[in-house]
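> predicted coordinates and the sequence they were generated for:
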Amino acid sequence: MDPQLRDSLLLSVQGGHLAVMCGAGLSMSPPTAVPSAAELAQACGDRYSQVTQTHLPDDVRLDLERLADYFLELNRFREFLDFVPWKTFSRNPNRGHAAIADFLCCGALTLAATTNFDTHIEDAAFELGERNFRSALDGVEAAGLPDRHRPLLKLHGCHKRDSSNTLWAQSQIDRNGEIQTRLARSTTWLTGQLVGRDLVIVGFWTDWDYLNNVLSRALQDSTPRTVVVVNPADRQVLQRKAPELWDWANRHDFRHVPEPADAFLDELRVVFSRGFVKRAIAGGTRHFAALFPQREAGGTDFVDPLNSDDLYLMRKDLSGCSGTRPSRNREPDDTMSMVGAFILAIMAAGGVLEGAHLRLQDRGIRVINCPNQLLSRVKTEFDDDLRASRDCDAVICVGATDDGVPSDLVRENENRTIVRQGRDVEWMTHDSARERLGL
């Protein structure tokens, strides 16, 4: 990603203007590896042959849309859906899915829309800590979603919520009133939501050709401010494979980025998260000067080598989120400045950053934002996170008050077993940390 585009997208996030449109190509990157349309058609055809002991016509066997139409004409579409290997649509989200899920949870995106009926974005959100992520099947649902995360609209349905109304061929639109109604509602909602937005389109122009055609119809009347198409293919290939979608994109301020979707989204997540962490830490400079006058604060460049996963964990600690809660902060807030001060203090005392955690005097340390909380409550919330960690020996709970109450008397004193392994972790408030860590 060149610096000009990077800065433009970060400004779009800052202004609340960025939206993403996802196609099948996003889910074809490893480790997700959803099969291509041809591979999926062959898998369905092979299963059909196993069941019936007959072979499909050659002109439909490797063409997914024709295969769906074949079963529609026979009035046997339900059997076609039974042949689909659905397990491939809900496993192993990749880094592109993680980026979109993260951005929806923290509000870096205003919306995401997808023609995929897999659940990889929802699965990624769960892994990030969002236990109640809800997608929408049409514009009415999207408008009514709770505001804990930004909307994800699934234009072609969802295999978990309603597999019988997933869209596989354009002919279904005329045959299936439910699909027709959903698409109409979705188009109306998208047209309104994309006005003045900066739209990034990833994962289209695959061999799932019908997806491109349906999407181009849904977008024809929308008026985003800019359009960025992310696809490794050259411009001539994109124009030939989806001329209507290409013409629509070129009616706007248009940019083509020849990169894989997952790599592009992960890089955007890295630069967003790195900026967040650096601003949050730098915000603690004033507190650092008051609390540690004998030390000299360094910069924030020590976070530069971190990958998207480690940066996200740092964002969660800065936001005070345990493993069962996602980071919902698009921007650092004032409560993070004291956390930043203690991170700076540990680094100034000779600490180093290892992954998302600090290390000082051979002790792994986490610094968590816990404003106006009791230490026992913090220990209870983060207990499972720390028991699963192999590199944390101490936790500084910034803003917490030590109430002297164990988080869980049974769990504090239970014998560690092979089933429930753990390590002794020292919990401290930021006041006690100064002395106990020699800061």
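Perfect, thanks for sending it. Numbers count the residues shown, from 1 in each chain.
> now do the buried residues in stretch 5-19.
Of all the residues in stretch 5-19, those buried under the rule 16 or more other Cβ atoms under 10 Å are 5, 9-10, 12-13, 17-19. Every residue, glycine included, has its C-beta placed from N, CA and C.
> nearest to Ala242 among those residues?
Ala19 (19.1 Å; Cβ to Cβ).
> doesn't the closest one belong to a strand?
Yes - using DSSP: H, G, I helix; E, B strand; the rest coil, the secondary structure at Ala19 is a strand.
> check the gap between it and Pro305 for me.
For Ala19, the distance to Pro305 (Cβ to Cβ, to the nearest Å) stands at 30 Å.
> cool, Ser90 as well?
The gap separating Ser90 from Pro305 is 33 Å, by Cβ to Cβ.
> and this structure, what are its domain boundaries?
The record's domain split for the chain, according to automatic domain parsing, is 3-34+89-264, 37-84, 283-436.
> gap between the two ends of the first one?
As for domain 3-34+89-264, its first-to-last residue distance stands at 13 Å under the measure Cα to Cα, to the nearest Å.
> quick check: mean pLDDT of it?
For domain 3-34+89-264, the mean per-residue pLDDT is 90.
> try the second one
In this model, domain 37-84 carries a mean pLDDT of 89.
> likewise for the last one?
Here the mean pLDDT over domain 283-436 is 86, rounded to a whole number.
> how far off centre is that domain?
24 Å (Cα atoms, centre = their mean, to the nearest Å).
> how many other residues sit next to the residue nearest to Val195 when sequence neighbours are not counted?
What sits nearest to Val195 in space, not counting adjacent residues and going by Cβ to Cβ, 6 or more residues apart in numbering, is Thr223, at 5.4 Å. Using other Cβ atoms under 10 Å, Thr223 has 12 neighbouring residues.
> just Val195 next, same as before
Val195 has 11 neighbours, counted by other Cβ under 10 Å.
> tell me the phi and psi of it?
Main-chain dihedrals, Val195, degrees, to the nearest 10: phi -60, psi 120.
> quick revisit: give me the distance between the residue nearest to Val195 and His97.
28 Å.
> ok, Phe342 next?
For Phe342, the distance to His97 - Cβ to Cβ - is 33 Å.
> okay, these two: which has more neighbours?
Each of Phe342 and His97 has its neighbours counted (other Cβ under 10 Å); His97 has more, 28 against 25.
> surely the more buried one is in contact with Glu127?
No - assessed by Cβ atoms under 8 Å, His97 is found out of contact with Glu127, at 9.4 Å.
> for Ser90 and Pro305, indicate the residue with more neighbours.
Between Ser90 and Pro305, Ser90 has the larger neighbour count (other Cβ under 10 Å), namely 15 against 9.
> contacting residues around the more buried one?
118-120, 123, 159-160 (Cβ atoms under 8 Å, 6 or more residues apart in numbering).
> please name the residues that touch Gln172.
So Gln172 contacts 68, 72, 179 (Cβ under 8 Å, 6+ apart).
> just the element for it, please.
In this assignment (DSSP states H and E), Gln172 forms part of helix 171-175.
> beyond that helix, next helix or strand please.
helix 177-193.
> what's in contact with that next one?
19, 110-111, 113, 137-140, 142-143, 153, 155, 157, 165, 167, 172-174, 214, 217-219, 221-222.
> repeat that for stretch 123-136.
Applying Cβ under 8 Å, 6+ apart, the contact partners of stretch 123-136 are 90-91, 93, 97-98, 100-102, 104-105, 121-122, 142, 144-146, 148-149, 151-154, 158, 161, 312, 316, 321-327.
> restricted to strands, list the residues you listed.
152-154 (DSSP state E).
> can you pick the most crowded of those residues?
Lys154 leads the ones in strands among the contacts of stretch 123-136 on contacts (other Cβ under 10 Å) with 30 neighbours.
> tell me where the stretch 251-400 of the chain has strands.
253-257, 352-354, 357-360, 363-369, 394-398 (DSSP state E, counting those that start in this stretch).
> name the helices or strands packed onto the fourth one?
Applying 3 or more Cβ pairs under 8 Å, 6 or more residues apart in numbering; DSSP states H and E, one finds that strand 363-369 contacts helix 308-319, helix 337-348, strand 357-360, helix 375-388, strand 394-398.
> distance to Glu39 added to the ones you listed, as CSV?
Shown next, in CSV, are the helices and strands packed on strand 363-369 (distance: least, Cβ to Cβ, whole Å):
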stretch, distance to Glu39
helix 308-319, 29
helix 337-348, 47
strand 357-360, 41
helix 375-388, 36
strand 394-398, 47
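> list the contacts for Asn142?
Actually, residue 142 is Ala rather than Asn. Per Cβ under 8 Å, 6+ apart, neighbours of Ala142: 111, 136, 151, 153, 186, 189.
> adding distance to Arg436, write those out as JSON lines.
Output for those, formatted as JSON lines (distance: Cβ to Cβ, whole Å):
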{"residue": "Leu111", "distance to Arg436": "46"}
{"residue": "Ala136", "distance to Arg436": "49"}
{"residue": "Pro151", "distance to Arg436": "46"}
{"residue": "Leu153", "distance to Arg436": "50"}
{"residue": "Ser186", "distance to Arg436": "56"}
{"residue": "Trp189", "distance to Arg436": "54"}
